[in-house]
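Asks: Here is the input, now give the coordinates:
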Amino acid sequence: MKKSKFLMGAVVVLLASLSACNSSDDKKTNEEKPVAMQVKEDTAQYKLDSVSMIGYVAWDASVDKKRPVVMVVPEWWGLNDYTKSRVKQLAEAGYFAFAVDMYGNGMQADNPKLAGELATPFYKDPAMAKARFDAAMSKALSYPAADNSKVAAIGYCFGGTQVLNMALLGDPLKGVVSFHGGLETAPVNKDLLKADILICHGDSDSFVPPAQVAAFRKKLDSIGASYTFKSYAGATHAFSNPGATETGKKFNMPIAYNAAADTASWNEMKTFFDKIFK
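Replies: Numbers count the residues shown, from 1 in each chain. Predicted coordinates for the structure are as follows:
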C-alpha cells in the first residue's frame, strides 16, 4: 500500500512538472512568434509639369518602422509586370520599393520599335530623365514608411543606364545597381558623384561590348569612383528577366534568361545594400 501511494505521488509530481514545462513553452512560443509579413502594394500617382505618371510601390506593412528606399527603373518596355515582380521581391526583402514610370501615363511598349522610340529621348537627354526620376523619388519619400536617409536605385537594361546617370548627375543616392544596363552614360564628375556603384553585366551581352565596358570603367577610374563590376559567364543582355528568352525568339533579339546570373546578381545586390545602408 505504501509503495502504491508513493508511486501515485510520483506520477502526480511528474504530471505537474510536465504541465508547467508545457505552459512555459507555450508562453515562450506565443511571445516569440514572428509577425506575419504583410506586403502592401499600390499604385502611386504623381506629376511633373503637365506629365502624369503612375508608379508602383510595395513594402512590408506588418511592422511600423521606416525602411530603406529602393527606386526601380524598368527596362525599355516600361513599367510592366516584370518590374512589379521585382518591386514585390524588394518589399519582401525588407525595403520600401518604388517603380518609376519614366514614360508617363503608365505607357508600355510591346515591340522593340516602340520601345526604342520611347527610350531614345531619355538616352539623348539625361537631364530630362533626371527630372522624371526625381519626381518619382520625391513621391516615394513622401510615404511614412520611407527612410529618407537611406535611398538607392536599381535599373534593368534601359533602366540600368538611367540609374547610372542619376548617380553621375549628382542625385543623393547611397548607391545604384545596374543589371545588364548600357554603359554609354553622362560624363563623370567627381564633385557630383555621391553614390557607390554596382554593375552586374553579362559577358556575352552583344549590346554592351567589351570596348564599351572598358571605356566606362576608364571613366570611373579617372575620378576614383567607388564601384564594383561583376561579370557573369555566358550571360547575355536581359539575363535577369525570366521572359527574355521567349521575347528574344519572338523579335529575333540576342537576349535570354540566365538563372545562374539572375540569382548571383540579386545576391550581389543584397550584399551591396547591406554595405551602403549601414
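
Asks: Tell me which stretches of the stretch 51-200 of the chain form strands.
Replies: Ranges of strands within the stretch 51-200 of the chain are 51-60, 67-73, 96-99, 146-156, 175-179, 196-202, based on DSSP state E, counting those that start in this stretch.

Asks: Can you say which of these is packed in most?
Replies: Across the strands of the stretch 51-200 of the chain, the average number of neighbours (mean count of other C-beta atoms under 10 Å) peaks for strand 175-179, which reaches a mean of 29. C-beta here means a position set from N, CA and C on the backbone, and glycine is covered the same way.

Asks: can you list the residues that contact that strand?
Replies: 152-157, 159-161, 163-164, 166-167, 195-201, 239-240, 265, 269, 272-273, 276 (C-beta atoms under 8 Å, 6 or more residues apart in numbering).

Asks: before we move on, what about stretch 266-278?
Replies: Under C-beta under 8 Å, 6+ apart, the answer for stretch 266-278 is 68, 70, 89, 93, 95, 150, 152, 154, 174-175, 177, 196, 198, 200, 228, 230, 240.

Asks: cool, stretch 110-129 as well?
Replies: By C-beta under 8 Å, 6+ apart, stretch 110-129 touches 76-78, 102-103, 107, 109, 132, 158, 161-162, 165-166, 169, 182, 184-186, 251, 253.

Asks: Buried subset of the residues you listed as a ChimeraX selection?
Replies: Here is the ChimeraX command that picks out the buried ones among the contacts of stretch 110-129, judged by 16 or more other C-beta atoms under 10 Å:
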select :76,77,78,102,103,109,132,158,161,162,165,166,169,182,185,186,253
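
Asks: Pull the number of nearby residues for Pro210.
Replies: 9 (other C-beta atoms under 10 Å).

Asks: Test for you: state the pLDDT assigned to it.
Replies: With respect to pLDDT, Pro210 has a value of 97.

Asks: quick one, phi/psi of it?
Replies: Dihedral angles of Pro210 (phi, psi; degrees, to the nearest 10) stand at phi -50, psi -40.

Asks: what's the answer for the one 3 residues further on, then?
Replies: Backbone torsions of Val213, given as degrees, to the nearest 10, read phi -60, psi -50.
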